[in-house]
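> sharing a model prediction with you, sequence too.
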Amino acid sequence: MEGEYSSESMMQQAQQVWSMLDDMADNDPGAYKAFIDKQMAERNNFMAPPEPHMCVKTEMVKPEKINFYINFCSWKRIPPPANAEEPVKVTGCAVSQIKEGKGTKTATSVAFNGKILDECGRNPVNKEDQHVLIQIAMDFIEKQNPHIVLKRNYKILEQAHMGNVKQLQESLLLSFNSKNKNQEDNVENVLKHFAPPTVELPNEFNKETEDISGITLNTKPVKKGLIEEVSSTAVTLPEPGFDLNIVQTDSKTCKKLVLKVYLPGVKSVSQCELDISQDDVYLLVEGEYELKLPLPCHIVYSEAAAKFIKKSETLSITLPIKE
């Protein structure tokens, strides 16, 4: 394809933008910092963890009759359908035993885009759409766990979730990011606990992205491909070398962490994807390096600053410590 919108011309424009950013980092650190801060704020918004929205109680009919809880979560990583014909996108985590009070309960979590839950969740615009959404979640759970059959009657609980919020969030994130073997073992253990000894357990519980038959929202006709699991495949990359030090600032009362990450072969800030929270740093250089670094103390992530030094191929990150 030739012309203004060809792949070659778009690539050239992208390279020009990154070159401008590199020059900005060298010649106008203030403007560069403002740009990076804006990008980090937008990324942090996207990287926010799933939030509990409502909890539904039903029953597991097979392999054994028992109460079953479904946590519905709102997650910005899950895109909304582009139109009425596109599948409703959903992701979920393994079925597990969670502590609640003095006992344990069997539960799982599913995540939808917030717009879907705003329209069809706890306070639906149309009650029928809420019913359809819950049935979609049950279809998804049964598809991912072939030996589980759920009763289609249910009750929406007053509480927004069942179990610990942090563990719920971590389970969804782990399932979203990779086909983790430990997760498969967790599901298998639950099924072994409830299933008769003669039942043959499935070999695989977490699958790649797929479409399953279901019911669409807004009472559209039933058709294939109305539910789509959202997932990603993890790739193991080498961890780059780094130094992390605590530095005293001029005020003598405030300290900061200075993280230097050494990235041989990296020539531009455009190759780096950086995410900073109050207690960790995540850096990805696609196809080259990956660093997941827990921090020794909480930091003020909104005031963090990063600069890539081309000469030494080093990313320098300044992290003010939260007093």
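Nice, I can see it. Numbering: from 1, shown residues only.
> can you give me phi and psi for residue 122?
Per-residue torsions, residue 122: phi -60, psi -40 (degrees, to the nearest 10).
> before we move on, what about residue 321?
phi -80, psi 140.
> dig out what it forms beta bridges with.
Taking DSSP bridges, one obtains residue 299 as the residues bridged to residue 321.
> residues in contact with it?
Residue 321 makes contact with 246, 254, 255, 256, 257, 297, 298, 299, 300 under the criterion Cβ atoms under 8 Å, 6 or more residues apart in numbering. For every residue, glycine as well, the C-beta is placed using N, CA and C.
> could you dump those into TSV with distance to residue 73, neighbour count and pLDDT added?
Converted to TSV, the contacts of residue 321 look like this (distance: Cβ to Cβ, whole Å; neighbours: other Cβ atoms under 10 Å; pLDDT from 0 to 100):
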residue	distance to residue 73	neighbour count	pLDDT
246	36	12	85
254	37	12	71
255	36	15	83
256	34	18	88
257	32	19	90
297	29	12	87
298	25	13	87
299	27	22	88
300	27	14	87
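> with respect to residue 53, which of those is nearest?
Nearest to residue 53 out of these is residue 298 (Cβ to Cβ; 27.3 Å).
> if I pick that closest one, what's in contact with it?
With Cβ under 8 Å, 6+ apart, residue 298 has these contacts: 278, 279, 321, 322.
> and the buried ones among these, selectable in PyMOL?
Here is the PyMOL command that selects the buried residues among those (16 or more other Cβ atoms under 10 Å):
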select buried, resi 321
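> what pairs with residue 262 across the strands?
Where residue 262 sits in a bridge, its partners, by DSSP bridges, are residue 241, residue 314.
> so what's the residue count around it?
14 (other Cβ atoms under 10 Å).
> got it, and residue 47?
With other Cβ under 10 Å as criterion, residue 47 counts 15.
> just give me the neighbour total for the closest residue to it other than its chain neighbours.
Closest residue to residue 47 in three dimensions, ignoring its sequence neighbours and counting by Cβ to Cβ, 6 or more residues apart in numbering: residue 275, at 5.5 Å. Neighbours of residue 275 under the rule other Cβ under 10 Å: 16.
> which residues of the stretch 1-150 of the chain fall in strands?
51-62, 66-74, 88-92, 96-100, 103-112, 149-150 (DSSP state E, counting those that start in this stretch).
> tell me what the first one is packed against?
Which is strand 51-62. strand 66-74, helix 127-144, strand 149-150, strand 155-156 (3 or more Cβ pairs under 8 Å, 6 or more residues apart in numbering; DSSP states H and E).
> if we go to 6 Å?
The contact analysis (3 or more Cβ pairs under 6 Å, 6 or more residues apart in numbering; DSSP states H and E) places strand 51-62 against strand 66-74, strand 149-150, strand 155-156.
> neighbouring strands - and their directions - for the last one?
What that stands for is strand 155-156. Counting by DSSP bridges, strand 155-156 is paired with strand 51-62 (antiparallel).
> tell me what angle the partner strand forms with strand 66-74.
Relative orientation of strand 51-62 with respect to strand 66-74: 150 degrees, computed using axes from the mean of the first three to the mean of the last three Cα atoms, to 10 degrees.
> residues contacting residue 15?
By Cβ atoms under 6 Å, 6 or more residues apart in numbering, the contact list for residue 15 is empty.
> hang on, the earlier thing: which of the strands of the stretch 1-150 of the chain has the lowest average pLDDT?
Per-stretch mean pLDDT for these is lowest at strand 96-100 (a mean of 84).
> and it, what does it pack onto?
Where contact means 3+ Cβ pairs under 6 Å, 6+ apart, strand 96-100 is packed against strand 103-112.
> again, only this time at 10 Å
Using 3 or more Cβ pairs under 10 Å, 6 or more residues apart in numbering; DSSP states H and E, the elements in contact with strand 96-100 are strand 66-74, strand 103-112, helix 165-177, helix 181-194.
> distance from the chain centre to it, please.
Distance, stretch centre to chain centre, for strand 96-100: 22 Å (Cα atoms, centre = their mean, to the nearest Å).
> so who does residue 142 touch?
Counting by Cβ atoms under 10 Å, 6 or more residues apart in numbering, residue 142 makes contact with 62, 148, 149, 150, 212.
> go with 6 Å
Contacts of residue 142 (Cβ under 6 Å, 6+ apart): residue 148.
> now do residue 295
Residue 295 touches 279, 280, counting by Cβ under 6 Å, 6+ apart.
> the one 5 residues further on too?
With contact taken as Cβ under 6 Å, 6+ apart, residue 300 is in contact with 320, 322.
> 8 Å - rerun?
Per Cβ under 8 Å, 6+ apart, neighbours of residue 300: 278, 319, 320, 321, 322.
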